[in-house]
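> Fold the following, please.
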Amino acid sequence: MRKLKGFEKLMFVVNSLMAFALLLSYLLPYLEPKQFAFLSVLSLAVPFLILVNLLFVLYWLLKTKKQLILSILVLAIGYSYVFSLYKFSASKNVDDLQNFSVMNYNVRLFNAFNWIDDPNLKQNISSFISEKRPDILCMQEYRPDDDIVLNGYFKYEELSGKKVKNGQAIYTRFPIINSGSIEFPNTSNNAIFADIVKNTDTIRIYNVHLQSSGIDPTSEKFTKENSENLFKRVSSTFKMQQSQTELFLSHKAQCPYQMIICGDFNNTAYSYVYKEIKGDLKDAFVEAGNGFGRTYDFKFFPVRIDFVLVDNGFDTNSFKTYDVKYSDHYPVMAKVKLK
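Here you go, the predicted model:
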């Protein structure tokens, strides 16, 4: 440190803070937001912290300074975090006659309030889904709309609200023999499920939408809002997410079938709620995806908050994130087969 010049000393101080924050974030999946809300907020920044520490490694490498060891060490300790942020391997793509496809998509009310300036958006969504032909489609922030035409599906939807009826929906090409909703108190968010029959197998499909902070990072209000208020709102949201997750897990524990969990968790793969919901399941992106796998349109760094999780009784044979801007989320689709 004494051999560093003034600017380099400042850089190393910042580097040390970023390295410590990343190291601290490794504990977040094991800390209940109800007890450690002030820390749980950090889970949203993990992609940023990883990228910043990688940049510091490059900076000190170009300077040929041994200070690069700090970030290398912290990144090495959390190597699974680094490789879950970006998959360097090529996408797995196994054609199999037994494959069936599962798409998850937060459709943002099909642009009901014209957030996106595109008069053809509803037609584009219909065309996109019809072209990809998912066998199972889970949608969050769904609302019935006559302009959205999806043929050949059985459907289960659960809606709430007075002025704009909205909620979650499961569309499936396989017959539904049972369905229901897991109500979350004091919110329009919930989780729904449908038991479907494929050949002789019964499979449970869950569609989970956890609490959102209601913050739009692209809005002017977001840039002007006091940081303390933002912190409180996100902390409160994460506490609600934990309560919702506990309700969901109680229901999930009673499921007698192989399951697939889709949803918008409004939190990252570095969070407590993701770890709890995932449990022993497999993340389809980790199994077969590549790249950042971002699912939310956040301009500052890649964010993955939408997931397809599958039971160990399934092989994940492909996974793709589609870069279509018909919502503030990007659709994802996995192809899986029962072993």
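
> neighbours around residue 124, how many?
Using other C-beta atoms under 10 Å, residue 124 has 14 neighbouring residues. Bear in mind the C-beta positions are built from the backbone N, C-alpha and C, glycine included.

> I misspoke; the intended subject was residue 251.
Counted with other C-beta under 10 Å, the burial measure for residue 251 works out to 14 neighbours.

> For residue 280, see how far away it is.
17 Å (C-beta to C-beta, to the nearest Å).

> And residue 335, by the same measure?
For residue 335, the distance to residue 280 under the criterion C-beta to C-beta works out to 21 Å.

> can you check residue 177 too?
Note on residue 177: its distance to residue 280, by C-beta to C-beta, is 25 Å.

> residues in contact with the residue most central in space within the chain?
Closest to where the C-alpha atoms of the chain average out (C-alpha atoms, centre = their mean) is residue 305, at 1.8 Å. With contacts defined as C-beta atoms under 8 Å, 6 or more residues apart in numbering, residue 305 is in contact with 264, 265, 266, 267, 268, 295, 296.

> Any idea how many residues pack against the residue nearest to it when sequence neighbours are not counted?
In this structure, residue 305 finds its nearest non-sequential neighbour in residue 296, 5.2 Å apart by C-beta to C-beta, 6 or more residues apart in numbering. Number of residues near residue 296 (other C-beta under 10 Å) recorded here: 18.

> Kindly report the same for residue 309.
27.

> In terms of neighbours, single out the busier of residue 177 and residue 280.
Legend: neighbour count by other C-beta under 10 Å for residue 177 and residue 280, higher for residue 177 (11 against 7).

> For that one, give its distance to residue 27.
Using C-beta to C-beta, we find residue 177 at a distance of 42 Å from residue 27.

> buried ones in the strand or helix carrying residue 8?
Secondary-structure assignment from DSSP states H and E places residue 8 in helix 6-25. Going by neighbour count (16 or more other C-beta atoms under 10 Å), the buried part of helix 6-25 is 8, 11, 12, 15, 16, 18, 19, 21, 22, 23, 25.

> Tell me if I'm right that the third one and residue 4 touch.
By that I understand residue 12. Yes: applying C-beta atoms under 8 Å, one finds residue 12 in contact with residue 4, separated by 6.2 Å.

> Overlap in contacts, these two.
With the criterion set as C-beta under 8 Å, 6+ apart, the overlap between the contacts of residue 12 and residue 4 is residue 67.

> Domains in this structure, by residue range?
6-85, 100-338 (automatic domain parsing).

> Which among those domains is found nearest to residue 91?
The stretch from the domains of the chain with the least distance to residue 91 (C-beta to C-beta) is domain 100-338; that distance is 4.6 Å.

> for that closest one, what is the average pLDDT?
Taken as a whole, domain 100-338 has a mean pLDDT of 93.

> heads up, I number from 175, so please use that
Right, with 175 as the first residue, what we last looked at is domain 274-512.

> Quick one: end-to-end length of that domain, please.
The distance separating the two terminal residues of domain 274-512, taken as C-alpha to C-alpha, to the nearest Å, comes to 9 Å.

> Give me the distance between that domain and the centre of its chain.
In terms of C-alpha atoms, centre = their mean, to the nearest Å, the centre of domain 274-512 is set 8 Å apart from its chain centre.

> got the contact list for residue 280?
Under the contact definition (C-beta under 8 Å, 6+ apart), the residues listed for residue 280 are 313, 314, 315, 383, 438, 480, 501, 502, 503.

> can you do 7 Å?
Contact partners of residue 280, counting by C-beta atoms under 7 Å, 6 or more residues apart in numbering, are 314, 315, 438, 480, 501, 503.

> pull the longest helix from the protein.
With DSSP state H applied, the helix covering the greatest number of residues in the chain is identified as helix 401-426.

> Tell me which helix or strand comes right after that one.
Helices and strands here follow DSSP H and E; after helix 401-426, the next one along the chain is strand 432-438.

> May I have that following strand as CSV, with CA atoms only?
Output in CSV follows, covering the C-alpha atoms of strand 432-438 (Å, rounded to 0.1, in the frame of the first residue of the first chain):
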residue,chain,number,x,y,z
GLN,A,432,-42.4,-34.5,-10.1
MET,A,433,-42.5,-30.8,-10.5
ILE,A,434,-41.4,-27.8,-12.5
ILE,A,435,-41.3,-24.4,-10.9
CYS,A,436,-41.5,-21.3,-13.1
GLY,A,437,-41.8,-17.7,-12.1
ASP,A,438,-40.7,-14.2,-11.5
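
> Understood, closing this out.
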